[in-house]
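Asks: below are the sequence and a predicted model; questions follow.
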Amino acid sequence: MKTSTRIAGHAIAQFVNILKRTCRVRLHNDPRPKLRSAGKPYVYAVLHAHQLATIFDAEPGVAAMVSHSADGDLLIPVLNLVGVKPIRGSSRRRGQDKGGIQALDEMIAHVASGKPAYIAVDGPRGPRNRIRKGIAQLSISASAAVLVAVAIPTRRWILRKAWDQMQIPKPFCTIDGYFGDPLYPEEGESVEQFRRRIEAAINALEREHDPTESTPP
C-alpha cells in the first residue's frame, strides 16, 4: 500500500469516527434476534452505495470481504476502526484470480464458525445493483441466511461521478436501516438462480425505501 493511500485511509477513518459519534441508527424489520436465538448463521448483502452507512452499526465479530484495489486499501482503516475484520479478495479478471477464491473460503469458515459476514454485493467495479455470485456461494456453503439490507441516511452526500453512487451520511443525521426477509437457497436451486433471487430482493428493498436513488427494474 502506498504511503499516500495509507495516510488518506487513516484520514477517512477519523472522519468516519466523527460521523459515527454524531449519527443515530434506527433499524426496521431486524430479523437477527430470532436468528441468533435459533443459532442460525447469517450473512449481510448490501450495495456499494450503502456500505459506509451500514458499517456504522457493525456488530462484534463481523467480517467483510475487501477488494485488492485502491478503494479497498482506503477502506481497511475504516473497518479496523469500527471493529470489522477485513478479508482481502477480488473477482477474477482477465483470467487471473485476485485472491477471491481464498477470500471466499475464509469467509465460509468465518460464517460456519457462527460469526456474521458482510459483502458489498455489486462490486468491485459495478455495474451498480448487479449482484455477483459470491454471496450466493457463501450462503450455500456455510448454510447461512442472506440478509439483504439498505441503509438510508436522512441527510447525505452522494458521489454522483462514482459508478456506485456512494452515499456518505452527514453529521447528526439518522440512518434508517431496512432489512428484507431472510433468504435461503431452495432445494435444487442453482447458484445463479439464487443469485438472481438475492438481486431481485435487494433491488426491490432499495426501490421501496429509497426510490429516488434506486435503479429502475
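Replies: Ah, there it is.

Asks: tell me the buried residues in the one helix or strand F15 maps to?
Replies: In this assignment (DSSP states H and E), F15 forms part of helix 3-22. Buried positions in helix 3-22, judged by neighbour count with 16 or more other Cβ atoms under 10 Å: T5, G9, H10, I12, A13, V16, L19, K20. C-beta: built from backbone N, CA, C; applies to glycine.

Asks: check stretch 205-217 too.
Replies: L205, E206, R207, H209, D210, E213, S214.

Asks: what is the end-to-end distance of it?
Replies: 12 Å (Cα to Cα, to the nearest Å).

Asks: just the CA atoms of stretch 161-170, as PDB, please.
Replies: What follows is stretch 161-170, C-alpha atoms only, in PDB (Å, rounded to 0.1, in the frame of the first residue of the first chain):
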ATOM      1  CA  LYS A 161     -19.500  10.600 -10.500                       C
ATOM      2  CA  ALA A 162     -18.700   7.300  -8.900                       C
ATOM      3  CA  TRP A 163     -20.100   4.100 -10.500                       C
ATOM      4  CA  ASP A 164     -21.700   3.100  -7.200                       C
ATOM      5  CA  GLN A 165     -23.200   6.500  -6.300                       C
ATOM      6  CA  MET A 166     -21.600   6.100  -2.900                       C
ATOM      7  CA  GLN A 167     -23.700   7.700  -0.100                       C
ATOM      8  CA  ILE A 168     -21.900   9.500   2.800                       C
ATOM      9  CA  PRO A 169     -24.100  10.300   5.900                       C
ATOM     10  CA  LYS A 170     -23.900  13.900   7.000                       C
END
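
Asks: name the residues that touch it?
Replies: Residues outside stretch 161-170 that contact it (Cβ atoms under 8 Å, 6 or more residues apart in numbering) are 19, 23, 47-53, 56, 122-123, 125-128, 151, 153, 155-159, 175, 213.
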